[in-house]
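Peer 1: Okay, here's the prediction I keep looking at, along with the sequence it came from:
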Amino acid sequence: MYENTQCSVMIGGSMTEWFCVRVGVRQGCILSPALFNLFLEFVMRELKSIDRELNYREKMSLDIRYADDTTLLSVIFGKLGLSTQELETACMKWGLKINNKKCKILTDGDDNIRIDGEEVQRVNEFVFLGSMLPFTSKDVNRRIALASAAFGRLQRTVWSRRDISLKLKVRLYKSLILPIAIYAGETWTLRAEDTRRLEVFEMRCLRAIMGIRRIQRVTNEHIRRELNVNETITEIIRRKRLKWFGHTMRRPPESYIRRAYWGDFTARRPRGRTPKRWKDQIPEDLGLPLHRCEEMALNRGDWWEGAVRGRRRARGRYDLRP
């Protein structure tokens with residue numbers, strides 16, 4: 001199906017002459033994603049230092065892939081360098097080239113890795129698939145900034161117009177703005193300050209939709225009631241988190257996501273208070289011990305009705321008890 005493939009490009013309103021295409025997959029073809037994944041799988045099989053069982057042994061590295069975004073993980077920097085060299089060699093063998101400018105190294109050491117003779121940029125954090133790694137409050141601030149910018153671009157065309165009903169404005173807000181603010185929110189480990197900033201952002205948007213200024217002293221409850229917005233942004237994130245927790249618990253024990261959930265790294269942690277983990281939020285959401293939450297999540301119907309759509313108790317928790 002790829003023999004004698006030809007292509008033409010429109011430039012300045014006119015089409016170029018047809019030319020042959022000898023590399024890559026067809027754009028828009030439904031088979032292209034599957035074909036590319038198969039091709040990349042053969043490339044990755046060339047790497048001998050990759051742990052295929054996800055046991056995270058010290059002498060091995062791990063690879064996590066999403067389309068053409070590839071992540072290599074290792075507890076020993078030297079092994080990471082070896083895996084990177086193997087990946088570069090395999091890509092050259094199969095006609096691919098790694099873009100050094102798009103590569104990043106996240107490490108606490110001073111060593112570096114070279115690709116195509118150039119050092120890869122070392123960073124303390126970077127954006128990967130739309131989320132900042134490692135997760136900090138900066139990611140929450142970044143999502144709020146992106147959502148605020150999107151909201152501002154629609155100020156004159158949507159929010160300030162009186163010929164558009166409030167109901168339609170709220171629907172547009174939920175469809176266009178809210179997903180930007182809470183993208184990947186189910187994976188967040190939120191602090192009290194993060195929650196406060198999210199709720200401040202939400203109320204700022206709702207007040208702008210109604211055309212109410214803060215000096216008018218209109219309560220948040222009144223605004224929510226008028227706009228029929230009963231679920232706060234943090235409650236939406238909580239619901240998404242509980243839904244994702246249920247999916248995680250029902251995955252097979254050998255799946256990557258379950259192994260990551262139960263994984264326990266032996267690295268030293270810094271002094272001070274133990275950082276809050278993602279799984280620590282589930283008991284807080286439900287007011288139940290973690291083992292009880294894990295047991296209940298195995299039954300999809302009960303979990304959906306009891307946790308995700310359950311009756312909210314005081315302090316935003318859910319009533320799951322008989």
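Peer 2: Done, it's in.
Peer 1: which residues touch T187?
Peer 2: Neighbouring residues of T187 by C-beta atoms under 8 Å, 6 or more residues apart in numbering: S131, F135, R241, W244, W278. (Glycine included, C-beta is placed from N, CA and C.)
Peer 1: which residue is nearest the centroid of the chain?
Peer 2: Nearest to the mean C-alpha position of the chain, counting by C-alpha atoms, centre = their mean, stands A184 at 4.0 Å.
Peer 1: That one and L72: what is the separation?
Peer 2: 21 Å (C-beta to C-beta, to the nearest Å).
Peer 1: Repeat that for K48.
Peer 2: Distance of K48 to L72, computed by C-beta to C-beta: 13 Å.
Peer 1: Spell out, range by range, the strands that occur in this structure.
Peer 2: 6-7, 10-11, 14-15, 19-20, 62-66, 69-73, 104-106, 114-115, 118-119, 121-123, 126-128, 131-133 (DSSP state E).
Peer 1: Correct me if wrong: P252 contacts R259.
Peer 2: No - under the criterion of C-beta atoms under 8 Å, P252 is not in contact with R259, lying 10.1 Å apart.
Peer 1: Compare those two and say which is more crowded by neighbours.
Peer 2: Using other C-beta atoms under 10 Å, the more surrounded residue of P252 and R259 is R259, with 15 against 7.
Peer 1: Tell me the most packed of the contacts of T187, by neighbour count.
Peer 2: Going by other C-beta under 10 Å, R241 tops the contacts of T187 with 22 neighbours.
Peer 1: quick one: that one and D285 touch, right?
Peer 2: Yes - between R241 and D285 a contact is recorded at 6.9 Å, counting by C-beta under 8 Å.
Peer 1: quick revisit: could you tell me which residues make contact with the residue nearest to the centre of the chain?
Peer 2: G130, S131.
Peer 1: Ok, D63 next?
Peer 2: By C-beta under 8 Å, 6+ apart, the contact set of D63 is M44, L47, I50, T70, T71, L72, L73, S83.
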